[in-house]
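1. Structure of the sequence below:
(4 chains)
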4 protein chains.
Amino acid sequence: MSGILRLSHAEVRVPDLQLATAYYAEVVGLVVTHTEPGQAFLKGWDEQQHHSLILSEEATYGLNSLAFKVMEPSELDRLAARVEDAGITVERFEPRERNVASGSIARFVAPSGHTVELEQGQTQVGNGLTLINPPPAPDGLVGMHPPRIDHIFLLCEDVDGITTFFRDVLEFRLTEQIMADDGHQLTTFLERTHNPHDIAFLTGPDGGFHHLAYWVDEWNDLRHAADTCAYHGVEIDAGPTRHGATRGCGLYFFDPAGNRNEVYTGGYWFDPDDEPTTWTEAEMGRAVFTYRGQVDPAFMSVHS
Amino acid sequence: MSGILRLSHAEVRVPDLQLATAYYAEVVGLVVTHTEPGQAFLKGWDEQQHHSLILSEEATYGLNSLAFKVMEPSELDRLAARVEDAGITVERFEPRERNVASGSIARFVAPSGHTVELEQGQTQVGNGLTLINPPPAPDGLVGMHPPRIDHIFLLCEDVDGITTFFRDVLEFRLTEQIMADDGHQLTTFLERTHNPHDIAFLTGPDGGFHHLAYWVDEWNDLRHAADTCAYHGVEIDAGPTRHGATRGCGLYFFDPAGNRNEVYTGGYWFDPDDEPTTWTEAEMGRAVFTYRGQVDPAFMSVHS
Amino acid sequence: MSGILRLSHAEVRVPDLQLATAYYAEVVGLVVTHTEPGQAFLKGWDEQQHHSLILSEEATYGLNSLAFKVMEPSELDRLAARVEDAGITVERFEPRERNVASGSIARFVAPSGHTVELEQGQTQVGNGLTLINPPPAPDGLVGMHPPRIDHIFLLCEDVDGITTFFRDVLEFRLTEQIMADDGHQLTTFLERTHNPHDIAFLTGPDGGFHHLAYWVDEWNDLRHAADTCAYHGVEIDAGPTRHGATRGCGLYFFDPAGNRNEVYTGGYWFDPDDEPTTWTEAEMGRAVFTYRGQVDPAFMSVHS
Amino acid sequence: MSGILRLSHAEVRVPDLQLATAYYAEVVGLVVTHTEPGQAFLKGWDEQQHHSLILSEEATYGLNSLAFKVMEPSELDRLAARVEDAGITVERFEPRERNVASGSIARFVAPSGHTVELEQGQTQVGNGLTLINPPPAPDGLVGMHPPRIDHIFLLCEDVDGITTFFRDVLEFRLTEQIMADDGHQLTTFLERTHNPHDIAFLTGPDGGFHHLAYWVDEWNDLRHAADTCAYHGVEIDAGPTRHGATRGCGLYFFDPAGNRNEVYTGGYWFDPDDEPTTWTEAEMGRAVFTYRGQVDPAFMSVHS
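-> Numbering: from 1, shown residues only, chains lettered A, B, ... in the order given. Now for the predicted structure:
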């Protein structure tokens, strides 16, 4: 297994840890695997690893770091060396040094200002099903209960630059892009899993965080997610709707701290020799929201 | 991109090429990309490559060969060497030597008696959508119109042996297995794409072909597929139903020659460090068909 | 409101009342509104009236009676008189005389051997939602949780005769029929609600009970119902599948006593001046199960 | 069959008849049953009667009339007499006098300023399926292809008054209402079919037309409808979303003339003795759009 396998997890800031944990557990329906003073660890029910979301109690909201999963120690070393060759300092951590379940980690700050971790060997905890003759799902799932993390959407000033970095250094592939009339990239979609995006960058302030998305299996799950928001009084930002870029369908909403979440489904398989799709600036509205054909300015401007 | 990327295509025998081509084009809703005397080439609408199904006019029905996609010429050589190291003769073909769109191919007969090809560089033809500001789907799709190939299900006498070959030589990972009470593997599910299966083996005669499966996005698509079968008088073998193994949902039916098809959806993401699931012989019925909890004997015994 | 409004409820025999009540509450997901020694009363969550199912503890399983809702006392009298004019004895009950929530009832034995009640004024208990600014659904629904009763399917020797009785005396309309080659009706579908059937009769022993069906909103709910059966080890008899007659989709399964249940969705609106649809005996398999095109003999022969 | 059966059809003005007919046939997917200079007649594919929509070529857009179906000539006379008793002039038409397929009609202007027709005996044309052993759907359906008309939404100044008229004179039942803080009705939902609404009134100018809705069977059909709009460049106004009032789900969009359309699904069965649901003015946003919890002012102000 060469290179990055997939998005592993994100660490998100929340001012009220108890409230945020309750929201992610009961409304989103993630599974809490560990709590300690100042942090809570959660995962989608079907994820085998310890966490795909770390909540950190801090005064503000926003993203502390994102992490990708790497399978082999040798690949972690190889990728860390590529980052250092690009002139970026890489910090290394031993297993369990970062947190109760962390693996070997290589950490660096990407040119976009985001702290990125590559992790090999996070503790596996299983998905709650037996390994012998399991039922299709565990009992007692609540809320939206997405099975797993899907992608993360970030902002930075130089989308062309960060896209080049992710392609050339971290070996991502470009699937789609929204091009400004002046020829630079407004938004790019990048993958390692052959899905339309594992990470995407939107033009904005460096270090910006637009949303973290969990996967659901079907369009019907998006209505259930929207009903769940309505039932709990959670503010829905957009959807259920279809995206032009990625062809997937999603629902956006906010956690109690103000971090935007998405549940997402659909998309397509992308072979490495497939051609990327390009959206023109004039069609950006449709690229984001196929049905409305336009983007609410708040969707672009509200982030952390 | 190291190793095998995914299932690429299968070559299936049909006694009446015109009838079979019409069935796959109008009922299944595949796209015909090329026909020539004795052969027709088809693909799912969203596949970018030239074909995922080759129909070959012959006196019998059944499977001639299956093929996996490899991204790099060097990886094709590396894998071919691994097969030869296992004592199996590998035949090589230049691009366009095997057919109008074929890439570089390494061909061999697996210990299960199936002809397996590894292909690098099949012609890409696009998915019918523009690369600039595309709509979510092309116009004029008919029948079930699955976007892409998913997996293939074969039979052989020694499932333990072929599973070892696919794991050790071809670098597949085992996701699930049905174990006989005497400790040998009755059925195994193997993947390269992090899905529950790209290929599976069921105990039976060597070289046997159980079914070829195309992907559809949702449970609702399975009803549409079943309605399509009913409308065209196509015999449905089983489903729409859920599988215990893979947790996916599927519909089985037969092409006019007698080859079994499936449309399949669902399943899960499988990390390489996830543990395989095991089904006991006593629960084999539920492993195959969750809802009925038993397998119609014909489902096992009817194949080619 | 002239005539019969809709199917109101059924009274079903179960040898183990506690087990059956638990099954209908937790697996089917009905709401228990009242229990007393020997009887339990349940309803679909969105039904406003006190019960649509009465479980009666008796040594055997099967149907004790079925009941239709009538809106006006004067209409109850008018319909009772029509039944008596047909030479059938009608027994009358005052409100709360039959049970804790019963209205005015006219009871008689139909020519098919089934005890039929016409009820006006059963206690209304609400659907668990507030009447001011309600959410879309109450909290805490479990199992399949169908919103309401849909139809009942019975057997009798003379389907032509009972169909005439239901049309001429009880003012039902015929929507579909399966005709034997010799010209008599094998199965008939009758309605008062403009749906494809509120009641249906299949050729078999007089007084026979085939199944009681609850409504669900969508095809996806049928998969959820089937998953629920699988999870709880409830035997699934057929489906999820589509019916030719009624064009609806359904799932059949058995309660612990052996009574067959269905959850059903789809169908169509039927105006009183629409023409009935006829199925020939040769196409009976497709009339019942569109996808398989044949009926498992047990589906016809297993009943009470 | 006493009283009004259901909403029968609406006559809508369009400046460009050819364009509008093409839109309703190809995008909405209605079936054109008759055209003549200045008018086109269409229906949902599963409707048996000749038309549920009449397009009339006129300089403006908006609603000319709406019509309800009555089953018996005697009931048409009885209802016409009730309207006259309310002091409103009723005009009568013989069969085929109003158009090529019209039945006996009683026409009057309701206190809300809308021209209302009661029709008995419109020509039945069938739904395109055979009456013997039919498939589940006819071949060749395109666009959204809703099976049938569902409801109509109108505006008037005195919602309290028109609601009283529809209840007392036309024998409709109130299912839901949005109440102003000053105690008058802002919006009312009325039914004859035991669905949440066959007609609804919103406060606005007399004679106003908000939208005409066709039924689709499932939430998935709303995504297909939205994809269809996107594909054809049809402006989507709102949705796919859930309504608080009626608990149904819908998608709003505009025909080329500016008339608002909806495709709608869900809702519930309403017994005549069920209690109406009330929404407060403060919760009007959620009553209309559950997910956003607010109403775009244009949704209220854009109408004809």
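2. what does the stretch 151-300 of chain A have sitting close to chain B?
-> The stretch 151-300 of chain A comes close to chain B at residues A:193-194, A:217-220, A:242, A:244, A:247, A:266, A:268-269, A:271-280, A:283, A:286-287, A:290, as judged by CB under 8 Å from any CB of the partner chain. Where you see a C-beta, it was placed from the backbone N, CA and C, and this is true even at glycine.
3. Confirm that A:Leu222 sits in a strand.
-> No. A:Leu222 sits outside any strand when classified using DSSP: H, G, I helix; E, B strand; the rest coil, being helix.
4. In contact with A:Ile4, which residues?
-> A:Phe68, A:Lys69, A:Val70, A:Leu79, A:Leu118, A:Leu170, A:Glu171, A:Phe172, A:Arg192 (CB atoms under 8 Å, 6 or more residues apart in numbering or on different chains).
5. Quick check on the residues of the stretch 151-300 of chain A next to chain B: which are buried?
-> In those, burial by neighbour count holds for A:193-194, A:217-220, A:242, A:244, A:247, A:266, A:268-269, A:271, A:273-274, A:277-279, A:283, A:286-287, A:290, counting by 16 or more other CB atoms under 10 Å in any protein chain shown.
6. ok, back up a step: who wins for most neighbours among the contacts of A:Ile4?
-> Using other CB atoms under 10 Å in any protein chain shown as the neighbour criterion, A:Val70 leads these with 29 neighbours.
7. The nearest residue to A:His34 once chain neighbours are set aside - how many residues pack around it?
-> Residue nearest to A:His34 in three dimensions, not counting chain neighbours: A:Phe41, with 4.2 Å by CB to CB, 6 or more residues apart in numbering or on different chains. As a burial measure, A:Phe41 scores 24 neighbours (other CB under 10 Å).
8. Show me the subset of the buried ones among the residues of the stretch 151-300 of chain A next to chain B that also lies near chain D.
-> Filtering these for proximity to chain D (criterion: CB under 8 Å from any CB) leaves A:Trp219, A:Asn220, A:Arg242, A:Arg286, A:Thr290.
9. Can you tell me the closest non-neighbouring residue to whichever residue of chain A sits closest to chain C?
-> Closest approach between chain A and chain C, counting by CB to the nearest CB: A:Asn220, at 4.7 Å. Among residues not flanking A:Asn220 along the chain, C:Asn220 sits closest, at 4.7 Å (CB to CB, 6+ apart).
10. so how far is A:Trp219 from that neighbour?
-> Applying CB to CB, to the nearest Å, one obtains 9 Å for the distance of C:Asn220 from A:Trp219.
11. What of A:Leu155?
-> Distance, A:Leu155 to A:Trp219, using CB to CB: 28 Å.
12. again, but for A:His211
-> A:His211 is 19 Å from A:Trp219, by CB to CB.
13. And A:Gly126, by the same measure?
-> From A:Gly126 to A:Trp219 the distance is 29 Å (CB to CB).
14. cool, and A:Asn259?
-> For A:Asn259, the distance to A:Trp219 - CB to CB - is 24 Å.
15. Assign a three-state SS to A:Val83, would you?
-> At A:Val83 the chain is in helix, as set by three-state DSSP.
16. Report how many residues lie close to it.
-> A count of neighbours around A:Val83, defined by other CB under 10 Å, yields 21.
17. quick one: contacts for it?
-> When contacts are counted by CB under 8 Å, 6+ apart, A:Val83 touches A:Val90, A:Ala106, A:Phe108, A:Val169, A:Leu170.
18. A:Asp271 now?
-> By CB under 8 Å, 6+ apart, the residues touching A:Asp271 are A:His194, B:Leu5, B:Arg6, B:Gln48, B:Gln49, B:Lys69, B:Met71.
19. what does stretch A:253-261 rub up against?
-> Residues from elsewhere that reach stretch A:253-261, judged by CB under 8 Å, 6+ apart: A:12-16, A:19-20, A:23-24, A:28, A:61-63, A:209-214, A:225, A:229, A:234-237, A:252, A:262, A:302-304.
20. and with 7 Å instead?
-> Applying CB atoms under 7 Å, 6 or more residues apart in numbering or on different chains, the set of residues contacting stretch A:253-261 from outside is A:12, A:14-16, A:19-20, A:23-24, A:28, A:61, A:210-212, A:229, A:234-237, A:252, A:303-304.
21. picking up where we left off before, was I right about the residue of chain A closest to chain C contacting D:Asp221?
-> No. With contact defined as CB atoms under 7 Å, A:Asn220 does not count as touching D:Asp221 (11.7 Å).
22. Flag every residue of the stretch 1-150 of chain A that's near chain B.
-> Proximity of the stretch 1-150 of chain A to chain B, by CB under 7 Å from any CB of the partner chain, involves residues A:1-2, A:5, A:46, A:48, A:71, A:124, A:131-134, A:136, A:147-148.
23. Try it again at 8 Å.
-> Within the stretch 1-150 of chain A, the positions near chain B by CB under 8 Å from any CB are A:1-2, A:5-6, A:46, A:48-49, A:69, A:71, A:124, A:126, A:129, A:131-134, A:136, A:147-148.
24. Endpoint to endpoint, stretch A:82-92 covers what distance?
-> Terminal residues of stretch A:82-92 lie 14 Å apart, using CA to CA, to the nearest Å.
25. all strands for the stretch 151-300 of chain A, in order.
-> A:173-179, A:185-191, A:199-203, A:208-215, A:236-242, A:249-254, A:260-265, A:277-280 (DSSP state E, counting those that start in this stretch).
26. Which one of these lies nearest to D:Pro95?
-> Taking CB to CB, strand A:236-242 is the member of the strands of the stretch 151-300 of chain A nearest to D:Pro95, at 46.1 Å.
27. Would you mind getting the angle between that closest one and strand A:208-215?
-> Angle, strand A:236-242 to strand A:208-215, by axes from the mean of the first three to the mean of the last three CA atoms, to 10 degrees: 50 degrees.
28. Return the list of helices and strands in contact with strand A:236-242.
-> Strand A:236-242 sits against helix A:219-232, strand A:249-254, helix A:297-301, helix D:219-232, strand D:236-242, with contacts defined as 3 or more CB pairs under 8 Å, 6 or more residues apart in numbering or on different chains; DSSP states H and E.
29. can the ones you listed go into a markdown table with extra columns for mean pLDDT?
-> Below are these laid out as a markdown table (pLDDT from 0 to 100):
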| stretch | mean pLDDT |
| --- | --- |
| helix A:219-232 | 96 |
| strand A:249-254 | 98 |
| helix A:297-301 | 81 |
| helix D:219-232 | 96 |
| strand D:236-242 | 95 |
